[in-house]
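Chemist: Whatever this is, show me its structure:
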Amino acid sequence: MGSQALSRLPTIDFSNVNKQNRDSVWDSTKTQVFEALQEFGCFEASFNGISHDLRNSVFSSLKELFDLPLETKVRNFTEKLYNGYIGLAKQVPIFESMGIEDPQSFANLMWPNGNDEFSKCIKIYSDKLTELDEIVRTMVLESLNLEKYMDEHMELTSYITRVMKYRVPQKDEPNAGLLSHADKNIVTILHEFGVEGLEVQTKDGEWFKVKLSANSFVVMVGEAFKVLTNGRLRPAVHRVVMSGDEDRFSIGVFSVPKDEKTIKAPEEMVDEDHPLLFKPFVYEEFFKFFRLEENVNDPLALEKYCGVSTENL
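Modeler: The predicted structure is shown next:
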């Protein structure tokens, strides 16, 4: 499908998918997932795991959270890379984000008396999206006949939930909420609350706006999954562009390689038609390299860090 004709992402329904039941529904969904991630690096996932009331509760909580004073929000600090508060960057001054590893601890940090409603809702949300992440990754490995690596693959990762706000830009500010990039992790699952802005780039470089229904999510491949599949999956290059007069809120669950883990393609992924693209690397060390000022906006940072030169093949 040409980019000019592409008006929305492929939509895949997970409502009747059950990990315990490898039936025709599972097989059909698996085929759709793998094809979408090869072609676009992402898709729209529809499933009934999150109720309308829960969505509304989380949305209201995010407004309250980001209205807290800056000195409160920056308490969300961690030694782990990109797991804490991010905001007020010169290039994207309208963007703020906070990482949540443990909802209860996070709520106690943000509010003097805690916030049981917030922590409960965020945990339910995160757990549901984690389940979807595991289903998607399982389907990818099955599609590549890598079932024997399933346990090892799932042990590779931990999860971080990020909540995000993109405020309405002032007249003298750029409307870029997030610059063009591909995520570095394995899988990202995003949900936005009513205000659009996410854009995805097609293979031929065209951009299109992602339009989601209220009960759907965007599932995206990150660069680490590209390495693990030796290039068979295409990381989703995306950005956020603001328009209109409403702030934009979103929530995402990220499956991230544990810092000490080595990322490498299984031997089954390397053959004459698929020569090795990336040398094995430790995720934490790559992320330190990526965070350097000269690399952080470089779309080829991964290739520069661990790419296998074609001259050596």
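Chemist: Look up the closest residue to the residue sitting nearest the centre point of the chain, ignoring the ones flanking it.
Modeler: By Cα atoms, centre = their mean, the chain has its centre lying nearest to residue 188, at 2.0 Å. Counting by Cβ to Cβ, 6 or more residues apart in numbering, residue 220 is the residue found nearest to residue 188 once chain neighbours are left out, at 4.4 Å. Every residue, glycine included, has its C-beta placed from N, CA and C.
Chemist: likewise residue 89?
Modeler: Nearest residue to residue 89, sequence neighbours excluded (Cβ to Cβ, 6+ apart): residue 95, at 6.9 Å.
Chemist: That neighbour and residue 175, how far apart?
Modeler: As judged by Cβ to Cβ, to the nearest Å, residue 95 and residue 175 stand 11 Å apart.
Chemist: the more surrounded of these two?
Modeler: Higher neighbour count among residue 95 and residue 175: residue 95, with 21 against 14, using other Cβ atoms under 10 Å.
Chemist: Could you verify my assumption that that one touches residue 179?
Modeler: No: with contacts counted by Cβ atoms under 8 Å, residue 95 stays clear of residue 179, the gap being 9.4 Å.
Chemist: Mind listing the residues bridging to the residue nearest to residue 89?
Modeler: Taking DSSP bridges as the rule, residue 95 bridges to residue 166.
Chemist: Next up, the contacts around it.
Modeler: For residue 95, the contacting residues are 86, 87, 89, 164, 165, 166, 177, 178, 240, by Cβ atoms under 8 Å, 6 or more residues apart in numbering.
Chemist: Quick check: mean pLDDT of the longest helix along the chain?
Modeler: For the chain, the helix with the greatest residue count under DSSP state H is helix 116-143. When pLDDT is averaged over helix 116-143, the result is 95.
Chemist: For that helix, buried residues please.
Modeler: The neighbour-count check on helix 116-143 (16 or more other Cβ atoms under 10 Å) flags 118-119, 121-126, 128-129, 132-143 as buried.
Chemist: so what does that helix touch, helix or strand wise?
Modeler: Secondary-structure packing of helix 116-143 (3 or more Cβ pairs under 8 Å, 6 or more residues apart in numbering; DSSP states H and E): helix 24-39, helix 52-66, helix 103-110, helix 150-155, strand 157-166, strand 187-192, strand 216-221, strand 248-257.
Chemist: Alright, that wraps it up for me.
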